[in-house]
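Undergrad: Have a look; sequence and predicted model below, questions after that.
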Amino acid sequence: MTYKSTNWRFSVLGLALVAVFVTGCVTTTDSRFSREADRQEAIEDYVQLATAYIGQGNLDRARHHLDRALDLDGDSAGARAAMGLIYNAEGEAELAESSFRRAISADPDYTRARVYYGAFLFGQGRMQDAASQFRAASRDTEYKDRGSVFFNLGMTQERLGALDGAAASYRRAVELKRGDARALLALSRVLAEQGDFNAAALYYSRLSSMMQRNQRLRHSPESLLTGIRIARYQNDRDQEASLALQLKNNFPESVEYEQYKVLISNGQ
């Protein structure tokens, strides 16, 4: 299947001096709080702009905005986490990890830093460490993309061979990200791997219905092989033959097609 990553949203940075006339005295404390609020807003805007540029692959512009954010607050968790993305994109793994860790140290509750760090650790093959970061991030019930955190945790657990944990994480991803094809397929596949074909068939049926409604969704080798395994369990020869033909014609060089040939040769 083909999926598009979620578009980065960003706001245009605008700093303005606003003169407010009120009756009576304006205390120094109120002024300080106002200045602090303006400073935090400016930092957040710089980080959002930088994140958008990172998504576009424009690392120079991203770094420019992050430098400005760090000039305002050298311990900004958002700026440090985003800087870690830049270092990682540039192949500077040690600097990237240092930035992610510094962001988490500055604000342990800044979930996005843990998500970034978990993805970095996953890419480095450090699955236990990645799982720890994703697990911590998944506890933030206010995080807007919590379903994706559970999906990432499930992938990490699957790499570790913890299929029960992976199934539980994928199930939470399905619950939180209703209509997400990736999560439905991953859960169907893992349940089939565990031999729970009845449950796998339920989720795969939801995936198939979604594909029928959305013509932009296309089968991948993974989804075809998963469907084949479920169809074989259900003794649905027509469905198996249809999916097998698509796998052979569309993905003849895929690992999944080789697995299918092994599957039928073993009579499984």
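TA: Great, that's in hand. This is a predicted model, so every value here is computed, not measured. Residues are numbered from 1 along each chain as shown.
Undergrad: Tell me which residue lies nearest the centroid of this structure.
TA: In the chain, the centroid-proximal residue (CA atoms, centre = their mean) is S148; its distance is 4.5 Å.
Undergrad: Averaged pLDDT, the one helix or strand that residue maps to. What do you get?
TA: Assigned by DSSP states H and E, S148 belongs to helix 146-159. Mean pLDDT, helix 146-159: 98.
Undergrad: Now do that helix: distance to the chain's middle.
TA: 8 Å (CA atoms, centre = their mean, to the nearest Å).
Undergrad: Going by contacts, tell me the helices and strands next to the very next helix or strand once past it.
TA: Where DSSP H and E defines the elements, the next helix or strand beyond helix 146-159 is helix 163-176. For helix 163-176, the packing partners by 3 or more CB pairs under 8 Å, 6 or more residues apart in numbering; DSSP states H and E come out as helix 146-159, helix 181-193. All C-beta spots, glycine's among them, are computed from the backbone N, C-alpha and C.
Undergrad: Convert helix 163-176 to PDB, retaining C-alpha atoms only.
TA: Taking Å, rounded to 0.1, in the frame of the first residue of the first chain, the C-alpha atoms of helix 163-176 are listed here in PDB:
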ATOM      1  CA  LEU A 163       4.500 -10.700  19.400                       C
ATOM      2  CA  ASP A 164       2.000 -10.500  22.300                       C
ATOM      3  CA  GLY A 165       3.200  -7.000  23.000                       C
ATOM      4  CA  ALA A 166       3.200  -6.100  19.400                       C
ATOM      5  CA  ALA A 167      -0.300  -7.300  18.900                       C
ATOM      6  CA  ALA A 168      -1.500  -5.300  21.900                       C
ATOM      7  CA  SER A 169       0.300  -2.100  20.700                       C
ATOM      8  CA  TYR A 170      -1.100  -2.500  17.100                       C
ATOM      9  CA  ARG A 171      -4.600  -3.000  18.600                       C
ATOM     10  CA  ARG A 172      -4.300   0.300  20.500                       C
ATOM     11  CA  ALA A 173      -3.100   1.900  17.300                       C
ATOM     12  CA  VAL A 174      -6.200   0.600  15.500                       C
ATOM     13  CA  GLU A 175      -8.400   1.900  18.300                       C
ATOM     14  CA  LEU A 176      -6.800   5.400  18.300                       C
END
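Undergrad: Buried by neighbour count: which residues of it qualify?
TA: For helix 163-176, burial by neighbour count (16 or more other CB atoms under 10 Å) applies to G165, A166, A167, A168, S169, Y170, R171, R172, A173, V174, L176.
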